[in-house]
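In: Here is my input, please return the structure:
(chains A and B)
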Amino acid sequence: MNSQLALKTDKLTKTYITGKIEVTALKDADLSVKKGGFIGITGESGSGKSTLMNLLGGLDTPTSGTIEAEGKIISRMNKEELALYRRYSVGMIFQSFNLIPSFTAQENVSLPLLFAGVPKAERKARAAEALENVGLSHRQRHRPSELSGGEQQRVAIARALVNQPKILLADEPTGNLDSKISHDIAELLGNLNQSRGLTVVMVSHEEPLLKEFAQGIIRLRDGMITAREMI
Amino acid sequence: MKLKDYIELSTANLWKTKLRTFLTTFGVIIGIGALVSMLAFGTGMQKNVINAFNAMELFNYLMVFPEPFSPKINAEDLILDNEAIGSFTKLKGVEAAFPDIRFPAEIGFRDKKEFSFIQVLPAQFADTKLVQLRAGSVYEADDAGSMIISDSFLRRLDIRDFERVLGQKVRLSTLVLDFSEFNPLDLVGLLGGEKLPLTMKNYELTIVGVSERMGMGGPSLLRSDVIISPTAADKMKKITMTNLWDLFQQSSRKGGYSLVNIKVSSPKYVDSVRSKVEDMGFRTFAIIDQLEEIRTGFFFMDMILAAIGMIALVVASLGIINTMIMSVMERYSEIGVMKAVGARDRDVQKIFFFESSIIGFLGGVFGLGLGWVVSLLINRVVNYFLAQQGVPAIDYFSFPWWLCLGAVGFAVFVSLVSGIYPAMRAARVDPVVALRHD
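Out: Now for the predicted structure:
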């Protein structure tokens, strides 16, 4: 694999079997993302965007094809190795934020550090720092229900980055936010990409946002890549 | 993840559903409480019996029979007489040896008459822990006119003030075989209990002491309501049978006693004394041999009690399983999040195992407390009512360290077993499904 690439997939295919019907969610997807790149993915619902993101994030395993991330072939990893890949190498954010409601912002952000066995005092300090980086140092002790949608997504970003992964996967991060806030979140991801060299893959319906911040856009339709545009 | 983190996270999770956690834990508390008090009762009873044996030094006794120890020995040569007793007394560790003589008699005190057995006991043995006095003292060595009476006999007469009977007279009516009226042809009738060739002789003795009879029907050496000295016994005309069989054996015996009790100064001498006595040819029996059987008996009793106590604990463990499955289902997406940020299947599994074992630990500790309080109350109530019957207060329950530690350990173990299925279910949660936003 080219050492300049953060992510590379080869003939990536995922089929689900629901009952007796076989559904192909993703078919022969070839994709490569440069280190420090920002790639947007767009497509209608059911086009396979989330499936692709789950595969890249190591939450799901492909039916066939390979995935390489940071030089490691994650499509060959077992469950245990995938968990460690998710813990240290990749951060994910979602449309529905997926914060734990009973935890404060700081506790949510510390969660990956908890599983990494980081001592409590260090967890606290690193979580505080991660929250500061997303502009939420004043919201440390608030629970998700006390935060706005934009703030919740920032907490999720802080959590995704607290273990300092090289790759951030954002699955429709602005889907639940209004246009002003959506722009702020996309801008934050753009800044992280620019300032830290973070590789970002962002799924979105909103093409203007992708065009503003991403370097390339991939279009998916019925599980297949139909177009690649460089900006 | 560190141990401290697991405990902290699991405690926080349990605290979120306080009421449910409390109710589930309460189930374990009741289960462990029931189990602990049952086993404490079994242990307490065993301790009481062993203590009673020890208090009466029953483990220091060896019984000797005028029967051959092995088939090679000629039964004709075995005579259990004073000479034999003399040689037993010389053995190392032997404190004393005394013949076991009992004979039937009617005890008449005030207006009550009761047929019973009279125990003949030399004064030096009456003065040991074998006879526990509740009032008065033991008779002198050659005192022919004194006797010790049991408290249970007096209690049957509704006498509770034992001091007051001291110095009062008791009539003993012994049975005497009167062969002047006996026709050998009546033997068949005799066996049927008809036309016994017996007459009665009356003697009057003074009560000098009131003895305590061993409670709970234990295998006391002294099963008699009246104890008298050999001097007093010698002066009485009587038959010394303890059952009808003795009546017919008597003629074949060339003198000697049918049973001699040997008392050693410590149970450790039982084996050496026994082998010497067996070398002399006599068959022996020691209560200490029964100790293992007693222990086995109590083990089975404990098992039955434990089985009863387990019922509540099984119900409690179903409660834990139910609570934990509910918890897994409620926290489905939370589990998905944990996996997405790098939790391994076994990390998730451990979190749920810790939660169920915390329930078990708390249930075990408080259940032990509940069992202790309940047994304390039962003990009080039982002792209160038995005190009215004149029974001295004892602890019916015992809480040895192994029971306390075992109760908590077992509670944690049961909770862990109950947590297996829910924890496995939590570990199997598919993060893709759990995080799907719909």
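In: Would you mind naming what in chain A lies close to chain B?
Out: Residues of chain A lying close to chain B by Cβ under 8 Å from any Cβ of the partner chain are A:50, A:54, A:57, A:59-60, A:79-80, A:83-84, A:86-88, A:92, A:94-96, A:98-100, A:102, A:111-112, A:114-117, A:119-120, A:159-160, A:163. C-beta: built from backbone N, CA, C; applies to glycine.
In: Write the PyMOL selection for whichever of those residues are buried.
Out: In PyMOL, a selection of the buried entries from the residues of chain A next to chain B looks like this (16 or more other Cβ atoms under 10 Å in any protein chain shown):
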select buried, chain A and resi 50+54+57+59+60+83+86+87+88+92+94+95+96+98+99+100+102+111+112+114+115+116+159+160+163
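In: Now tell me which helix or strand of chain A has the poorest mean pLDDT.
Out: Every helix and strand in chain A was compared by mean pLDDT, DSSP states H and E; the lowest is strand A:224-230, with a mean of 88.
In: who does that one pair up with?
Out: Strands adjacent to strand A:224-230 in the sheet, as given by DSSP bridges, are strand A:216-221 (antiparallel).
In: so where's the stretch 301-438 of chain B shaky on pLDDT?
Out: B:437-438 (pLDDT under 70).
In: Assign the residue of it found nearest chain A to helix, strand or coil.
Out: Per Cβ to the nearest Cβ, residue B:342 is where the stretch 301-438 of chain B lies closest to chain A, at 2.4 Å. What DSSP: H, G, I helix; E, B strand; the rest coil gives for residue B:342 is coil.
In: How confident is the prediction for the residue lying closest to it once chain neighbours are set aside, by pLDDT?
Out: Spatial nearest neighbour of residue B:342, chain neighbours left out: residue A:87 (2.4 Å); criterion: Cβ to Cβ, 6 or more residues apart in numbering or on different chains. Residue A:87 is assigned a pLDDT of 94 by the prediction.
In: Please apply the same query to the one 5 residues further on.
Out: Residue A:92 is assigned a predicted lDDT (pLDDT) of 95.
In: Tell me which helix or strand it sits in.
Out: When elements are assigned from DSSP states H and E, residue A:92 belongs to strand A:90-94.
In: who does that strand pair up with?
Out: strand A:167-171 (parallel).
In: Residue B:396 reaches residue B:382, doesn't it?
Out: Yes - if you go by Cβ atoms under 8 Å, residue B:396 and residue B:382 touch, sitting 6.2 Å apart.
In: which residues of chain A fall in strands?
Out: A:5-18, A:21-34, A:38-43, A:64-69, A:72-73, A:90-94, A:167-171, A:199-203, A:216-221, A:224-230 (DSSP state E).
In: State which one residue of chain A is found closest to chain B.
Out: For chain A, Cβ to the nearest Cβ, closest residue to chain B: residue A:87, 2.4 Å.
In: State the distance from the residue lying closest to residue B:287 once chain neighbours are set aside to residue B:51.
Out: Using Cβ to Cβ, 6+ apart and skipping the chain neighbours, the partner closest in space to residue B:287 is residue B:58 (5.0 Å). Distance from residue B:58 to residue B:51, counting by Cβ to Cβ, to the nearest Å: 11 Å.
In: neighbour count winner among those two?
Out: A count of neighbours by other Cβ atoms under 10 Å in any protein chain shown puts residue B:58 above the other of residue B:58 and residue B:51, at 24 against 12.
In: isn't the more buried one right up against residue B:290?
Out: No - look at residue B:58 against residue B:290 with Cβ under 8 Å: they stay out of range, at 9.4 Å.
In: contacting residues for the residue most central in space within chain A?
Out: The centroid of chain A falls nearest to residue A:169 when counting by Cα atoms, centre = their mean (1.6 Å). Residue A:169 is in contact with A:53, A:56, A:57, A:90, A:91, A:92, A:93, A:201, counting by Cβ atoms under 8 Å, 6 or more residues apart in numbering or on different chains.
In: And for the second one, the neighbour number?
Out: Just to be clear, that refers to residue A:56. Other residues near residue A:56 come to 24 when the count uses other Cβ under 10 Å.
In: In space, what's closest to it - neighbours in sequence excluded?
Out: Nearest non-adjacent residue to residue A:56, counting by Cβ to Cβ, 6+ apart: residue A:169, 5.7 Å away.
In: how is the chain carved up into domains?
Out: Picking chain A for this. A:1-89+A:167-177+A:198-231, A:96-164 (automatic domain parsing).
In: The intended chain is chain B.
Out: If you go by automatic domain parsing, chain B breaks into B:3-54+B:293-435, B:101-256.
In: Could you identify which of those domains is most buried?
Out: Highest mean neighbour count of the domains of chain B: domain B:3-54+B:293-435, a mean of 19 (counted as mean count of other Cβ atoms under 10 Å in any protein chain shown).
In: mind checking the end-to-end distance for that domain?
Out: Terminal residues of domain B:3-54+B:293-435 are spaced 27 Å apart (Cα to Cα, to the nearest Å).
In: ok now do residue A:214, which residues does it touch?
Out: A:38, A:39, A:40, A:200, A:202, A:231.
In: can you do 10 Å?
Out: Contact analysis of residue A:214 by Cβ atoms under 10 Å, 6 or more residues apart in numbering or on different chains lists A:37-42, A:186, A:189-190, A:193, A:200-202, A:204, A:207, A:229-231.
In: cool, residue B:313 as well?
Out: B:27-28, B:30-35, B:306, B:363, B:367, B:410-411, B:414.
In: List the contacts of whichever helix in chain A runs longest.
Out: When chain A is parsed with DSSP state H, its longest helix is helix A:179-196. Residues external to helix A:179-196 that are found in contact with it (Cβ under 10 Å, 6+ apart): A:36-38, A:40, A:93, A:133-135, A:148-151, A:153-154, A:156-157, A:160-161, A:164, A:166, A:168, A:170, A:173-177, A:198-200, A:202, A:204, A:206, A:208-210, A:212-215.
In: Could you list which of those belong to helices?
Out: Filtering these for helices - DSSP H - leaves A:133, A:149-151, A:153-154, A:156-157, A:160-161, A:208-210, A:212-213.
In: Give me the buried subset of the residues you listed.
Out: Buried members of the ones in helices among the contacts of helix A:179-196, scored by 16+ other Cβ under 10 Å, are A:133, A:149-151, A:153-154, A:156-157, A:160-161, A:209-210, A:213.
In: Just the C-alpha atoms of stretch B:33-48, please, in CSV.
Out: C-alpha atoms of stretch B:33-48 as CSV (Å, rounded to 0.1, in the frame of the first residue of the first chain):
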residue,chain,number,x,y,z
GLY,B,33,-30.3,-14.7,55.2
ALA,B,34,-32.4,-17.9,55.0
LEU,B,35,-29.4,-20.0,54.0
VAL,B,36,-27.1,-18.5,56.6
SER,B,37,-29.6,-18.9,59.5
MET,B,38,-30.3,-22.5,58.4
LEU,B,39,-26.6,-23.4,58.3
ALA,B,40,-26.0,-21.5,61.5
PHE,B,41,-28.7,-23.6,63.2
GLY,B,42,-27.1,-26.8,61.9
THR,B,43,-23.7,-25.7,63.0
GLY,B,44,-25.0,-24.5,66.3
MET,B,45,-26.7,-27.8,67.1
GLN,B,46,-23.6,-29.7,66.2
LYS,B,47,-21.5,-27.4,68.4
ASN,B,48,-23.9,-27.8,71.2
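In: Many thanks, we can stop here.
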